[in-house]
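Asker: quick one, structure for this:
(one chain, ligands or ions: 1)
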Amino acid sequence: METILDKIIAVKKKEVEELRGMEIRPASLEVNQRRSFIEKLERATDLSIIAEFKRASPSKGDINPNIDPSVQTKLYVDAGADAVSVLTDQTFFKGTMTDLTHVRATIDNPILCKDFIIDPIQIDRAKQAGADIILLIAAALDDETLNTLYQYAIAKELDVLMEVHNEEEAERVLKTNNRLIGVNNRNLKTFEVNLDVTEGLAPLIKNEGRFLISESGIKTTDDVKRVINAGANGILVGETFMRHESPRDVIKTMKIPLVEVMKR
Ligand SMILES: O=P(O)(O)OC[C@@H](O)[C@@H](O)c1c[nH]c2ccccc12
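Answerer: Next comes the predicted model:
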C-alpha cells in the first residue's frame with residue numbers, strides 16, 4: 001500500500017524537476033554566514049531545544065494555520081530555544097521556503113530547513129534561503145543517496161540532521177560519520193507516536209558518541225525528562241509550541257540541565 005511518505009516523495013520528485021528550471025542565486029554574505037548547531041551542542045550544559053514552526057501536518061490537519069512565522073520563531077528564541085525548525089513543505093504541511101527566508105531575516109540562531117530532501121538542488125535552495133541545518137530522512141533515501149546528499153551538504157558548510165525511526169535505519173546512518181542523529185518518535189508511515197522509540201535507539205546512538213535529538217510527540221516536562229534520561233542531547237518540538245497560548249512558558253520549563261547525560 002502507498003504510504004504517506006511515498007506520496008510525499010512523489011510530490012518532491014516533481015518539485016525537484018521544477019527547481020531545475022529555476023535559477024538559484026547564491027545567498028548574500030549575511031545570510032550565508034555559518035551558524036553551527038553542532039558547535040552549540042558541544043558547549044551545551046542544558047537540553048537543547050529545536051522549536052518548530054509548523055502550520056499543519058498530514059497527521060493533525062491544521063495546527064495553527066494563521067500565525068506569522070517571524071513573530072512565532074522570535075518568541076521561541078527569546079524564550080531560550082537554541083535553534084528553530086521551519087517546515088517548508090507546502091503540499092502537506094502548508095509551509096513555504098519564503099517562511100524560512102522571513103525567519104532568517106528575524107532571528108540569528110541556527111535554522112533547520114524541515115523538508116523531504118532527495119536531491120542536491122533542494123540543498124542549494126535551502127542554503128540560499130538561509131538554512132544552517134538540513135534534514136535527511138533515512139526512510140526516504142537509499143545508502144548511496146544518503147551519502148551523496150550528506151557530502152554535498154557538509155561541503156556547503158551545513159549541519160545535517162539524519163533522521164531514523166528503527167534499528168535498521170540507525171545502523172545505516174551510523175555508518176556515515178555524521179554527528180547529529182534525530183530519532184523520530186513518529187512513524188512516518190503509520191503516524192503512530194511513542195517515546196519508547198527514543199529509549200530503544202538511544203543506546204546504539206550514544207555508544208557511537210553521536211548527538212541525539214528526540215523528535216515528535218513531546219508535550220510535557222515528564223516527556224522531556226524521559227528523553228533526557230534516555231540520553232537525548234536535544235528535542236525537536238512542533239505541535240506543543242504551535243498550539244500553546246504561551247510557547248514562552250513551555251519552552252522555559254523544558255530547558256532542563258543535562259547533568260547526568262554523557263556528553264562526548
Ligand atoms: O509536532 P511534533 O509532534 O512536536 O513533531 C515535531 C517534528 O519532530 C515533526 O514535525 C517531524 C519530525 N520529522 C519530520 C519529518 C518531516 C516532517 C515533519 C517531521
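
Asker: neighbours around the closest residue to the ligand within the stretch 101-250 of the chain, how many?
Answerer: The ligand sits closest to Gly238 of the stretch 101-250 of the chain, with a gap of 2.9 Å, by CB to the nearest ligand atom. (Glycine included, C-beta is placed from N, CA and C.) Close neighbours of Gly238, defined as other CB atoms under 10 Å, add up to 24.

Asker: does it touch Ser85 like I think?
Answerer: Yes. Between Gly238 and Ser85 there is a contact under CB atoms under 8 Å: 7.1 Å.

Asker: between those two, what contacts are shared?
Answerer: Common neighbours of Gly238 and Ser85 are listed as 51-54 (criterion: CB atoms under 8 Å, 6 or more residues apart in numbering).

Asker: and the ligand, which of those reach it?
Answerer: Checking the shared contacts of Gly238 and Ser85 against the ligand by CB under 6 Å from any ligand atom, the ones in range are 52, 54.

Asker: among the shared contacts of Gly238 and Ser85, name the ones in helices.
Answerer: Among the shared contacts of Gly238 and Ser85, DSSP state H puts none in helices.

Asker: restricted to strands, list the shared contacts of Gly238 and Ser85.
Answerer: Of the positions in the shared contacts of Gly238 and Ser85, 51-53 sit in strands, assigned by DSSP state E.

Asker: okay, buried residues for stretch 181-192 please.
Answerer: Buried residues in stretch 181-192, defined by neighbour count with 16 or more other CB atoms under 10 Å: 181-188.

Asker: of all those, which two lie farthest apart?
Answerer: Across the buried residues of stretch 181-192, no pair lies farther apart than Ile181 and Asn187, at 16.9 Å, counting by CB to CB.

Asker: where does the residue lying closest to Ile154 once chain neighbours are set aside sit: helix, strand or coil?
Answerer: Among residues not flanking Ile154 along the chain, Val160 sits closest, at 6.6 Å (CB to CB, 6 or more residues apart in numbering). Following DSSP: H, G, I helix; E, B strand; the rest coil, Val160 is assigned to strand.

Asker: does Val160 really touch Ile134, like I thought?
Answerer: Yes. Counting by CB under 8 Å, Val160 does reach Ile134; the two are 5.9 Å apart.

Asker: shared neighbours, those two?
Answerer: Residues touching both Val160 and Ile134 (CB under 8 Å, 6+ apart) are Ala153.

Asker: list the contacts of the residue of the stretch 101-250 of the chain closest to the ligand.
Answerer: Applying CB under 8 Å, 6+ apart to Gly238 gives the contacts 51-54, 57, 63, 85, 87, 216.

Asker: among the ones in strands among the shared contacts of Gly238 and Ser85, which one sits closest to the ligand?
Answerer: Nearest to the ligand among those, counting by CB to the nearest ligand atom, is Glu52 at 5.0 Å.

Asker: need the phi and psi values for the closest residue to the closest one other than its chain neighbours.
Answerer: In space, and not counting its chain neighbours, Glu52 is closest to Gly238: 3.5 Å by CB to CB, 6+ apart. With angles defined as degrees, to the nearest 10, Gly238 sits at phi -120, psi -70.

Asker: buried sites along stretch 223-237?
Answerer: Buried, per 16+ other CB under 10 Å, within stretch 223-237: 223-224, 226-228, 230-237.

Asker: which residues touch that stretch?
Answerer: When contacts are defined by CB under 8 Å, 6+ apart, stretch 223-237 is touched by residues 41, 44, 47-52, 82, 85, 112, 182, 195, 198-199, 202-203, 205-206, 211-218, 254, 256, 258, 260-263.

Asker: could you list the low-confidence segments of this protein?
Answerer: For the chain, applying pLDDT under 70 flags the ranges 260-264.
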